[in-house]
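Asks: next come a sequence and a model predicted from it.
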Amino acid sequence: MKFTRIIAVAAIAGLVLVGCKKTESEKIIPQTAEVKKTKEPVVIAPENVQTASFTIEGMTCAVGCAKTIEEELSSLEGVEKAAVDFDKKTATVTFDKTIQNPENLTKTVQATGDGKTYKVSNMKS
């Protein structure tokens with residue numbers, strides 16, 4: 001009985017530790033020219049500011065999924081701010097409309113997993 005309990009606890013702990021973890025080899029990085037990444041602070045001219053809000057299906061955790069998607073969106077060229085809410089399954093991205101567009105945001109989210117895990121819907125910009 002005690003041995004079975006130890007095995008069960010170890011199995012659960014193992015699942016928790018690797019459940020949402022994605023390795024570098026599992027990440028798919030978009031290969032389009034429009035999806036460039038930068039680390040520099042973004043300053044957008046007021047007339048070029050656009051905000052897109054959308055739903056993301058397929059997230060299973062706040063750290064491994066939502067935070068990873070948020071970081072990917074934030075690192076795109078022309079993105080001023082990206083926020084992903086795991087509980088509401090939504091994302092809001094403020095970007096320069098002369099550099100980015102909603103289609104590239106969608107491609108980036110869907111490519112963050114294995115290309116099949118995350119689905120974007122209800123895009124409003």
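Replies: Looks like it arrived, so ask away. Numbering: from 1, shown residues only.
Asks: elements contacting the helix or strand containing Gln110?
Replies: In this structure, Gln110 sits in helix 102-112 according to DSSP states H and E. In terms of contacts (3 or more Cβ pairs under 8 Å, 6 or more residues apart in numbering; DSSP states H and E), helix 102-112 is packed against strand 49-57, helix 68-74, strand 90-96, strand 119-124. Any C-beta I mention is one placed from the backbone N, CA and C, and that applies to glycine too.
Asks: in JSON lines: those, plus mean neighbour count and mean pLDDT.
Replies: Formatted as JSON lines, these follow (neighbours: other Cβ atoms under 10 Å; pLDDT from 0 to 100):
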{"stretch": "strand 49-57", "mean neighbour count": "16", "mean pLDDT": "96"}
{"stretch": "helix 68-74", "mean neighbour count": "20", "mean pLDDT": "95"}
{"stretch": "strand 90-96", "mean neighbour count": "20", "mean pLDDT": "96"}
{"stretch": "strand 119-124", "mean neighbour count": "13", "mean pLDDT": "94"}
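Asks: out of these, the one nearest Thr106 is which?
Replies: Among these, strand 119-124 comes nearest to Thr106, with 4.5 Å by Cβ to Cβ.
Asks: helix, strand, or coil at the closest residue to Lys67 other than its chain neighbours?
Replies: The shortest distance from Lys67 to any residue other than its chain neighbours is 7.3 Å, reached at Val84 (Cβ to Cβ, 6 or more residues apart in numbering). Using DSSP: H, G, I helix; E, B strand; the rest coil, the structure places Val84 in strand.
Asks: quick one: buried residues of the helix holding Gln110?
Replies: The neighbour-count check on helix 102-112 (16 or more other Cβ atoms under 10 Å) flags Pro102, Asn104, Leu105, Thr106, Lys107, Thr108, Val109, Gln110, Ala111, Thr112 as buried.
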